[in-house]
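1. can't give you the sequence, but here's the structure:
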């Protein structure tokens, strides 16, 4: 499938195994996994980092297969869900870094195109999250307020 902002085709990536059952060698119960997710979330890590810590440090390959809930849903049950979704936050951080870069390098046309593409991705996600009710309707993407939200 083609990518949206480049003239290239997307690269194939690795896929998760199709098994529905949790691994037999896994020693953690679903309650223990939920407690681990909450404990790691309280340190301030986003959901993707929580999954990496669980995989690398605790040997838990997939939380959803054991608990039947995603990490984000577990955080929502414990009132630890972030106000702004992680993918939108990372795009806001990327735009902030590009703005800093463009202050030093005014003639960098590649960075100017990159910031335009990033802004359009932010607007697209903003529209989707407002429609789904994840972001409040009054939330507005504002270039000056990015530093405060990130």
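-> On my side now, so go ahead. These numbers were taken from a predicted model, which means no experiment stands behind them.

2. and this structure, what are its domains?
-> Split into domains by automatic domain parsing, the chain comes to 30-77, 86-149.

3. just name the most buried of the ones you listed.
-> domain 30-77 (a mean of 16; mean count of other Cβ atoms under 10 Å). Heads up, the C-betas are built off the backbone N, CA and C, glycines and all.

4. now the end-to-end length of that domain.
-> 14 Å (Cα to Cα, to the nearest Å).

5. ok, stretch 13-31 next?
-> Terminal-residue distance, stretch 13-31 (Cα to Cα): 32 Å.

6. what comes into contact with it?
-> Outside stretch 13-31, the residues that touch it by Cβ atoms under 8 Å, 6 or more residues apart in numbering are 36, 58-62, 65-68.

7. closest to residue 146 out of those?
-> residue 36 (32.4 Å; Cβ to Cβ).

8. what about that closest one, distance to residue 79?
-> According to Cβ to Cβ, to the nearest Å, residue 36 and residue 79 sit 17 Å apart.

9. and residue 115, what does it touch?
-> 95, 98-99, 102.

10. JSON lines for the domains of the chain, including distance to residue 24 and mean pLDDT?
-> Below are these laid out as JSON lines (distance: least, Cβ to Cβ, whole Å; pLDDT from 0 to 100):
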{"stretch": "domain 30-77", "distance to residue 24": "12", "mean pLDDT": "93"}
{"stretch": "domain 86-149", "distance to residue 24": "31", "mean pLDDT": "92"}
